[in-house]
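Chemist: output the structure for:
(2 chains)
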Amino acid sequence: MASVVFDSIYKSFGSTKVLHGISLDISDGEFMVLVGPSGCGKSTLLRMLAGLEDITGGTIAIDQRVVNDLDSKDRDIAMVFQSYALYPHMTVRENMGFSLKLRKESVRRIAEGVDRAAKILNLEPYLERYPRELSGGQRQRVAMGRAIVRDPKVFLFDEPLSNLDAKLRVAMRSEIKALHQRLKTTTVYVTHDQVEAMTMADRIAVMNEGRIEQLGEPLELYDRPANLFVAQFIGSPAMNVFEGTFRSNSVEALGARWPSTARAAEGQSVRYGIRPEHLSLGGEGIPGEIEVVEPMGAETEILVKVAAQTFTVMTHGRASFAPGDKVRLAPQAGHAHLFDASSGRRI
Amino acid sequence: MKKRFTKEAVLVLLAIPILLWTLLPIYHIFLFSISSKDSAFSGALWPDKPTLRNFGTIFRQEQFYLHHFWAQIWNSLWIAVAAGAITLAVAACAAFSISRLKVKGGRAVMNLALFTYFIPAAFLAIPMYKAMGMYGLLNNRWSLVLAMVTLAAPYAIWVLKQASDKLPVELDEAAKIDGATPLQLFRLVYLPLMTPSLIAIGTYALLLAWNEYLYAYLLLSHEQTIPLAVALGHFIAADDSPWELLMATGLVYALPPAAIYYAFRRYMVSGLTTGAVKA
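Modeler: Residues are numbered from 1 along each chain as shown, chains lettered A, B, ... in the order given. From the prediction side, this is the model:
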């Protein structure tokens, strides 16, 4: 187990700069998720930590030791790839024991290590099979087993669940989380799926265009997004955002006044954000018209049009609306977010 | 249904003349080799008295041109196996370093390999003769082996590089993180996964050397060092060529490649086409 410290990390591919000075401290035993849209540099950052990409500038330290010039194998890390990257010509047992074999461990030690990992992951019945004879979820578990066997200081996961179907993804999510709670190994996990990030992370680093937009615990990011990007990236369905002008405790926009307990300067141009579950439909509020009703059983997602803007509203239980119905939209003032219209920063 | 039938009928109609065209010379060789000297040119589709005596003559080396038959077929085999093995080793290392280790100048090497196709092998025969002479390798089996490796390697590198490119890069990265050195990666991951392509390319180089005539004729001239292909050519030098023996020897000479191809046909098709087209 170990801490991981990124200190002003820069990365360029030729003349293209992809990381602009990333600093990030990951403490011992922490589950850190790097999340962001594709091309934001999160995988590059992970691959630099793994030693698969050169570091253009800055330092990376694992367990207080700078690893910039160390080979991957000397960094004491293990990585799980999106494509599993299992060796097709080796059995599950050989795949999992490969790193120990390269370390010239004794046959007995290798067998012990593999058996221990196989037990943790319920892979015992499959040890003599080849990867092609396994399902996607089993392959993913073998990939994790290969990482566990090494007993590394840091686990690296590069979008490990992206190749699985939706149901299996949810199951594996819990499995990885349970594994982390059991082994307590420092983990860096890269994903573009904000739901994965929210459900698994101790802390999340939201990345965009080679920078960290915000770093914090999942609910902290959800409740107090630092800027518009984080506000719209975290949360599903996404936050409703529109432009308006702040006037005496509310925001003037779309021909109505939107209440807010957050304060901006009088007459300031702002962006008003409100999450779908903080909007309710009732007798009072801003007039609108129902566009689409999407019942999901426990919840109902309703799209409501106010002026030219479509709002997503999330209500618990069932809703007895039909498209075309006239309704009134009531935002909860305490949950409104205000962002500066030009910089996008939280006010 | 009817359309499919018509299509197959056309294919069969095309296949029959092509098959006859291909098999006729081989049948001709076979016919000669089981005929006695007198009846060889009778023009019949089947000899009056088919005989295997020609093969006995060959195996017992009972004819002037065949006095070194066993030595010469051994030369052919030795040269073919050596050329196949060396080409394979050179091409596998080159493809691995260009495709997997991404060494600098890899692209240039690939382009040069492609460029060699623009020069017909016959053009290089004289320079090659001169070079081998300078190294004192004339009349040495190694000269032909080296020449064949030179001719086969560019194509071999090209095909193996294309096949290597298809292996997912994550495998290398996983092995790297698992602690593999480039050599371990080559031995434990790369070679096992490349086996079909390696067999195909090895067979290709082996058959190329086995069938070679021009370079063998130029570089080797001693009765004891020439491969059987060149020895077969000597038959024609005589005024009354023993055609039936020539053909019988030719038939014997053609059997090993046929056997090899048959044994590895599965790899030949899959190995030579992998990487040829981006799937």
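Chemist: gap between the closest residue to chain B within the stretch 101-250 of chain A and B:E170?
Modeler: Residue nearest to chain B within the stretch 101-250 of chain A: A:L102 (4.3 Å; CB to the nearest CB). Every residue, glycine included, has its C-beta placed from N, CA and C. When CB to CB, to the nearest Å is the yardstick, A:L102 and B:E170 sit 17 Å from each other.
Chemist: do the same with A:T186
Modeler: 22 Å.
Chemist: if you count what's nearby, which of those two comes out ahead?
Modeler: More neighbours sit around A:T186 than around the other of A:T186 and B:E170, counting by other CB atoms under 10 Å in any protein chain shown; the figures are 25 against 17.
Chemist: could you check the pLDDT of the residue nearest to that one when sequence neighbours are not counted?
Modeler: Leaving aside its sequence neighbours, A:T186 sits nearest to A:V154 (CB to CB, 6 or more residues apart in numbering or on different chains; 4.8 Å). Per-residue pLDDT puts A:V154 at 94.
Chemist: residues in chain B within reach of chain A, list them.
Modeler: Applying CB under 8 Å from any CB of the partner chain, one finds that chain B approaches chain A through B:168, B:170-171, B:173-180, B:184, B:188-189, B:192-193.
Chemist: need the CA coordinates for stretch A:139-151. CSV is fine.
Modeler: Listed in CSV are the C-alpha atoms of stretch A:139-151, where the atom choice follows Å, rounded to 0.1, in the frame of the first residue of the first chain:
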residue,chain,number,x,y,z
ARG,A,139,-12.3,-12.6,-18.4
GLN,A,140,-12.5,-9.3,-16.5
ARG,A,141,-12.2,-11.2,-13.2
VAL,A,142,-9.1,-13.0,-14.5
ALA,A,143,-7.6,-9.7,-15.5
MET,A,144,-8.2,-8.5,-11.9
GLY,A,145,-6.8,-11.8,-10.6
ARG,A,146,-3.6,-11.2,-12.5
ALA,A,147,-3.4,-7.8,-10.7
ILE,A,148,-4.2,-9.2,-7.3
VAL,A,149,-1.6,-12.0,-7.5
ARG,A,150,1.2,-9.5,-7.7
ASP,A,151,0.1,-7.9,-4.4
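Chemist: on that earlier part again, so who does the residue of the stretch 101-250 of chain A closest to chain B touch?
Modeler: Residues touching A:L102, when contacts are defined by CB atoms under 8 Å, 6 or more residues apart in numbering or on different chains, comprise A:K73, B:D178, B:G179, B:A180, B:Q184.
Chemist: how close does the fourth one get to A:L127?
Modeler: Put plainly, it is B:A180. The gap separating B:A180 from A:L127 is 21 Å, by CB to CB.
Chemist: same thing with the third one?
Modeler: Going from B:G179 to A:L127 by CB to CB gives 21 Å.
Chemist: what do you get for the first one?
Modeler: The spacing between A:K73 and A:L127, counted by CB to CB, is 24 Å.
Chemist: same check on the second one?
Modeler: According to CB to CB, B:D178 stands 18 Å off from A:L127.
Chemist: could you list the low-pLDDT ranges of the stretch 151-279 of chain B?
Modeler: Per-residue confidence for the stretch 151-279 of chain B (pLDDT under 70) gives these ranges: B:270-279.
Chemist: which parts of it are helices?
Modeler: According to DSSP state H, counting those that start in this stretch, the stretch 151-279 of chain B carries its helices in the segments B:169-178, B:182-184, B:191-211, B:214-219, B:228-235, B:243-263, B:265-273.
Chemist: take the ones you listed and lay them out in a markdown table including distance to A:R150.
Modeler: Shown next, in a markdown table, are the helices of the stretch 151-279 of chain B (distance: least, CB to CB, whole Å):
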| stretch | distance to A:R150 |
| --- | --- |
| helix B:169-178 | 8 |
| helix B:182-184 | 16 |
| helix B:191-211 | 22 |
| helix B:214-219 | 53 |
| helix B:228-235 | 56 |
| helix B:243-263 | 41 |
| helix B:265-273 | 35 |
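Chemist: center of the chain - which residue?
Modeler: In the absence of a named chain, this looks at chain A. A:A197 (2.9 Å; CA atoms, centre = their mean).
Chemist: other chain: chain B
Modeler: Centrality entry for chain B: nearest residue to the mean C-alpha point is B:L207, 1.4 Å, by CA atoms, centre = their mean.
Chemist: in stretch A:232-246, what counts as buried?
Modeler: When neighbours are counted by 16 or more other CB atoms under 10 Å in any protein chain shown, the buried residues of stretch A:232-246 are found to be A:F233, A:I234, A:G235, A:M239, A:N240, A:V241, A:F242, A:G244, A:T245, A:F246.
Chemist: thinking again about what came up before, which one (most neighbours) among the contacts of A:L102?
Modeler: When the contacts of A:L102 are compared by neighbour count (other CB under 10 Å), B:D178 ends up highest, at 29 neighbours.
Chemist: burial of A:F13, as a residue count?
Modeler: A:F13: 10 surrounding residues under other CB under 10 Å.
Chemist: ok, it - contacts?
Modeler: Taking CB under 8 Å, 6+ apart as the contact definition, A:F13 lies against nothing.
Chemist: and if you look at A:P218?
Modeler: A:A197, A:M198, A:T199, A:A201, A:R203, A:I204.
Chemist: distance check, it against A:T199.
Modeler: Applying CB to CB to A:P218 and A:T199 gives a distance of 8 Å.
Chemist: the longest helix anywhere in chain A packs against which elements?
Modeler: Among the elements of chain A assigned as helix by DSSP state H, the one spanning the most residues is helix A:166-183. The elements that helix A:166-183 packs onto, with contact taken as 3 or more CB pairs under 8 Å, 6 or more residues apart in numbering or on different chains; DSSP states H and E, are helix A:136-149, helix A:194-200.
Chemist: helices or strands next to the longest one in the packing?
Modeler: Counting contacts by 3+ CB pairs under 8 Å, 6+ apart, helix A:136-149 is packed against strand A:77-80, helix A:92-102, helix A:107-120, helix A:166-183.
Chemist: pick the most deeply packed of the ones you listed.
Modeler: By mean neighbour count, with neighbours taken as mean count of other CB atoms under 10 Å in any protein chain shown, strand A:77-80 ranks first of those at a mean of 26.
Chemist: CA atoms only for that strand, dumped as CSV, please.
Modeler: As requested, the backbone C-alpha atoms of strand A:77-80 are provided in CSV (Å, rounded to 0.1, in the frame of the first residue of the first chain):
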residue,chain,number,x,y,z
ILE,A,77,1.8,-1.5,-9.8
ALA,A,78,-0.7,-3.7,-11.5
MET,A,79,-3.1,-2.7,-14.2
VAL,A,80,-6.4,-3.9,-15.5
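Chemist: sheet-wise, list the partners of it with their directions.
Modeler: Each strand that strand A:77-80 pairs with, and the sense of that pairing, follows from DSSP bridges: strand A:154-158 (parallel).
Chemist: list of residues touching the strand it pairs with?
Modeler: Residues lying outside strand A:154-158 but in contact with it, judged by CB under 8 Å, 6+ apart, are A:2, A:4, A:43, A:46-47, A:49-50, A:62, A:75-82, A:147, A:176, A:180, A:185-191.
Chemist: please apply the same query to stretch B:129-136.
Modeler: Taking contacts as CB under 8 Å, 6+ apart, the residues outside stretch B:129-136 that touch it are B:L138, B:S143, B:L146, B:A147, B:L218, B:L219.
Chemist: quick one: end-to-end distance for stretch A:287-303.
Modeler: Distance between the two ends of stretch A:287-303: 13 Å, counting by CA to CA, to the nearest Å.
Chemist: how about the residue nearest to the centre of chain B, what does it touch?
Modeler: B:A80, B:P257, B:I260, B:Y261.
Chemist: ok, now how distant is it from B:A229?
Modeler: Computed as CB to CB, the B:L207 to B:A229 distance reads 12 Å.
Chemist: which two from the contacts of stretch B:129-136 end up farthest apart in space?
Modeler: Across those, the two members that end up farthest from each other (CB to CB) are B:L146 and B:L218, 13.1 Å apart.
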